[in-house]
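> My questions concern the predicted model and sequence given below.
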Amino acid sequence: MRRIQVVATGGTIASRSGAEGRRATVLAKELVASVGPLPEHAEVGTRDVVTRGSYAFDTGDLLALAREVRSTLDDGADGVVMTHGTDTMEETAFLFDLLFDDPRPIVLTGAQRPFDDRAADGPANLGDALAVAADDAARGLGALLVFDGFAFPARGVRKSETMSAHAFAAPGRGPALRVADGRVVPLARPAPSPRLPVDLNLPRLPRVDVVPVYPGADGLFVRASLEAGAAGVVVAAAGAGNAGPELVEAVAEAVAAGHPVLISSRVHSGPVAPLYAGGGAELRRVGALFADDLSPWQARLLLAAASAVPDRSPRELVRAWLAGRDPLATPGD
Ligand SMILES: NC(=O)C[C@H](N)C(=O)O
């Protein structure tokens, strides 16, 4: 028998429609009851943490969710299923992946259609998430996001549809598991990502902002972000990792002042690379790091988590993490 704990946090899966719009009110027990027959070998417990839309979470909320996962695992659960809004689920999943080094499955799921919709997708997603959390094939895969019949590893997963029930994709990587009729089928076994030792009791992660690139984007947002106290900045760069000269100049100033800058892309799929003179090549020359195929949102959490590790250079931690090395094996500075 596997002990699986469902931790409910709100989102559309827990929402009912009303005159003011959708509002999350449904609690964990009712969500689990909606699934119908549960996996035979699973004993399912429930816990309610918050009933919020995930767009309203800050990094302090994400750390509070991480503490729930920690205490659930410490209590001896064999797996955790967190119900969560889809808007920022890719961020929470990725942060859990950075924080936890435990083979037991940590699975996030949700819905695109509310609990009271006649075609609600939440019950099937939650049923699939329970099947995954109770299955040996999910052990050692890090945090997983289960949606519409697939389990995606946290790294690289993105919300790819605003309203369709097929809401997530992992461009260039793909899912690790498929769930068909309650059966879990392994598809791929990605290498685990390195962990970062962040104190889960911090009130929030250090501020890191995402700055977009578009024709005419200048250095205003990079400078404003650092003035607001950001530890570093992620640039949602154009194409394969480019920005115009004024933004590059602001990045150079930021790096010279000791603030790490991570280059990601505003494009949905593919890695970034320092290819173009004056663009990405110049960003690299002035000391920005390139975030492989991490979305700007996941890159932001990588840099924020690295900035929360005491007595270490966040830049070096991020560099080691991106190279697949144990970040703690790098010397501090
Ligand atoms: N489908 C959803 O769950 C979206 C919702 N706005 C949320 O993130 O909470």
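Nice, I can see it.

> Can you get me a residue count around Ser17?
Ser17 has 13 neighbouring residues, counting by other C-beta atoms under 10 Å. To be clear about C-beta, it is placed using only N, CA and C from the backbone, and glycine gets the same treatment.

> Against which helices or strands is the helix or strand that contains it packed?
Assigning secondary structure by DSSP states H and E places Ser17 in strand 15-18. Applying 3 or more C-beta pairs under 8 Å, 6 or more residues apart in numbering; DSSP states H and E, one finds that strand 15-18 makes contact with strand 21-24.

> Strand partners (parallel or antiparallel) of the strand it packs on?
Strand pairing for strand 21-24, using DSSP bridges, gives strand 15-18 (antiparallel).

> Would you mind listing the buried residues in the strand holding Ser17?
Ser15 (16 or more other C-beta atoms under 10 Å).

> CA atoms only: put it into CSV for me.
Provided in CSV are the C-alpha atoms of strand 15-18 (Å, rounded to 0.1, in the frame of the first residue of the first chain):
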residue,chain,number,x,y,z
SER,A,15,-13.0,26.8,-8.6
ARG,A,16,-16.7,27.3,-9.1
SER,A,17,-18.1,29.9,-11.4
GLY,A,18,-20.0,32.9,-10.0
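
> And the residue of the protein that's closest to the ligand?
Gly85 (2.0 Å; C-beta to the nearest ligand atom).

> what sits against that residue?
Shown in contact with Gly85 (C-beta atoms under 8 Å, 6 or more residues apart in numbering): 9-13, 24, 52-55, 110.

> and what of Ala217?
Ala217 neighbours (C-beta under 8 Å, 6+ apart): 211, 243-244, 246-247.

> what's the pLDDT at the residue lying closest to Asp102 once chain neighbours are set aside?
Distances taken as C-beta to C-beta, 6 or more residues apart in numbering place Leu73 nearest to Asp102, at 5.8 Å, with adjacent residues excluded. The score at Leu73 is 98. That number is its pLDDT.

> how about stretch 280-288: buried residues?
280, 282-284, 286, 288.

> Turn those residues into JSON lines, columns for pLDDT.
Output for the buried residues of stretch 280-288, formatted as JSON lines (pLDDT from 0 to 100):
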{"residue": "Gly280", "pLDDT": "98"}
{"residue": "Glu282", "pLDDT": "98"}
{"residue": "Leu283", "pLDDT": "98"}
{"residue": "Arg284", "pLDDT": "98"}
{"residue": "Val286", "pLDDT": "98"}
{"residue": "Ala288", "pLDDT": "98"}
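
> So of these, which two are at opposite extremes in space?
Gly280 and Val286 (11.1 Å; C-beta to C-beta).

> Now do stretch 307-327: distance from first to last residue.
With C-alpha to C-alpha, to the nearest Å as the measure, the ends of stretch 307-327 fall 12 Å from one another.

> contacting residues around that stretch?
Contact partners of stretch 307-327, identified using C-beta under 8 Å, 6+ apart, comprise 191, 193-199, 202, 205-206, 208, 231-232, 260, 262, 289-292, 302-303, 306, 329-333.

> what about 7 Å?
Here stretch 307-327 makes contact (C-beta atoms under 7 Å, 6 or more residues apart in numbering) with 194, 196-198, 202, 205-206, 208, 231-232, 260, 262, 289, 291-292, 302-303, 306, 330, 332-333.

> just stretch 31-46 next, same as before
Contacts for stretch 31-46 (C-beta under 7 Å, 6+ apart): 1-6, 8, 13-14, 28-29, 83, 122-123, 126-127, 130-131, 134, 182.

> Which of those residues are buried, as a ChimeraX select command?
This is the ChimeraX syntax for the buried subset of these, where burial follows 16+ other C-beta under 10 Å:
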select :2,3,4,5,6,8,13,14,28,83,122,123,126,127,130,131,134
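
> Just the buried ones among the contacts of Gly85, please.
Listed as buried from those are 9-13, 24, 52-54, 110; burial here means 16+ other C-beta under 10 Å.

> which of the residues you listed are close to the ligand?
Restricting the buried ones among the contacts of Gly85 to those adjacent to the ligand (criterion: C-beta under 6 Å from any ligand atom) gives 11-12, 53-54, 110.

> Give the residue farthest from the middle of this protein.
No residue in the chain sits farther from the centre than Ala277, which is 32.1 Å out by C-alpha atoms, centre = their mean.

> For Pro271, see how far away that residue is.
19 Å (C-beta to C-beta, to the nearest Å).

> how about low-confidence regions in the stretch 1-150 of the chain?
Under the criterion pLDDT under 70, no range of the stretch 1-150 of the chain is flagged.

> What residues does it have near the ligand?
Within the stretch 1-150 of the chain, the positions near the ligand by C-beta under 6 Å from any ligand atom are 11-12, 53-55, 85-87, 110, 112.

> In whichever helix or strand Val44 is part of, which residues are buried?
Using DSSP H and E, Val44 sits within strand 42-52. Residues of strand 42-52 classed as buried by neighbour count (16+ other C-beta under 10 Å): 42, 44, 46-52.

> Can I get stretch 54-70 in CSV? Just the C-alpha atoms.
This file holds the C-alpha atoms of stretch 54-70, laid out as CSV (Å, rounded to 0.1, in the frame of the first residue of the first chain):
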residue,chain,number,x,y,z
SER,A,54,-1.7,30.6,-8.7
TYR,A,55,-1.3,34.0,-10.4
ALA,A,56,-1.5,35.5,-6.9
PHE,A,57,1.4,33.6,-5.4
ASP,A,58,4.7,35.2,-4.5
THR,A,59,7.9,33.4,-3.7
GLY,A,60,7.1,33.5,0.0
ASP,A,61,3.9,31.5,-0.9
LEU,A,62,6.0,29.0,-3.0
LEU,A,63,8.3,28.5,0.0
ALA,A,64,5.3,27.9,2.2
LEU,A,65,4.1,25.2,-0.3
ALA,A,66,7.6,23.7,-0.2
ARG,A,67,7.4,23.5,3.6
GLU,A,68,4.1,21.5,3.2
VAL,A,69,5.9,19.1,0.9
ARG,A,70,8.8,18.8,3.3
